[in-house]
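*Asks:* Quick one, fold the following:
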Amino acid sequence: MSAPTPQYLLVRRPGLRLDEFSRRSGLHPDMVRRLVALGLLDGAREGNELRFEPSAMAVVARIQRLRSGLGLNYAAIGLVLDLLKRIEELEADPRRRRTSRWTPAS
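*Replies:* Have a look, this model is predicted:
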């Protein structure tokens, strides 16, 4: 009796490859690598390849708007992104949505 032959499933890796992400975002691949190196963009490294979640497209769009609209440098963009994230967390926290018990007298 022979040993069973291993079977491998072909699965597509999740996320967008660097070239596809660059094409969709309109940024040069080197610029995308710089954003990852600066910590402004999250990219997963698999071997020699960078992969990005589809949600990273929204982050790149926000970075581009901040860069072109406000003329911020990349260090300032990192700070603004952190502040915007913190604001979103505070607004989403239901404990912070307290309404005043004071009502005007009729």
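*Asks:* what comes up buried for the one helix or strand residue 79 maps to?
*Replies:* Secondary-structure element containing residue 79, defined by DSSP states H and E: helix 74-92. Judged by neighbour count (16 or more other Cβ atoms under 10 Å), helix 74-92 contains these buried residues: 77, 78, 81. Quick note: C-beta positions are derived from backbone N, CA and C, even for glycine.
*Asks:* which one among those residues gets closest to residue 14?
*Replies:* Minimum distance to residue 14 across those is 23.5 Å, recorded for residue 81 (Cβ to Cβ).
*Asks:* Residue 65 is in contact with that closest one, correct?
*Replies:* No. In this structure, residue 81 sits apart from residue 65 without contact. The criterion is Cβ atoms under 8 Å, and the distance is 11.1 Å.
*Asks:* all strands of this protein, in order?
*Replies:* Defined through DSSP state E, the strands belonging to the chain, from first to last, are 16-17, 44-46, 49-52.
*Asks:* Excluding chain neighbours, what is closest to residue 25?
*Replies:* Once its chain neighbours are removed from consideration, residue 25 has its nearest residue in residue 60; the separation is 4.6 Å (Cβ to Cβ, 6 or more residues apart in numbering).
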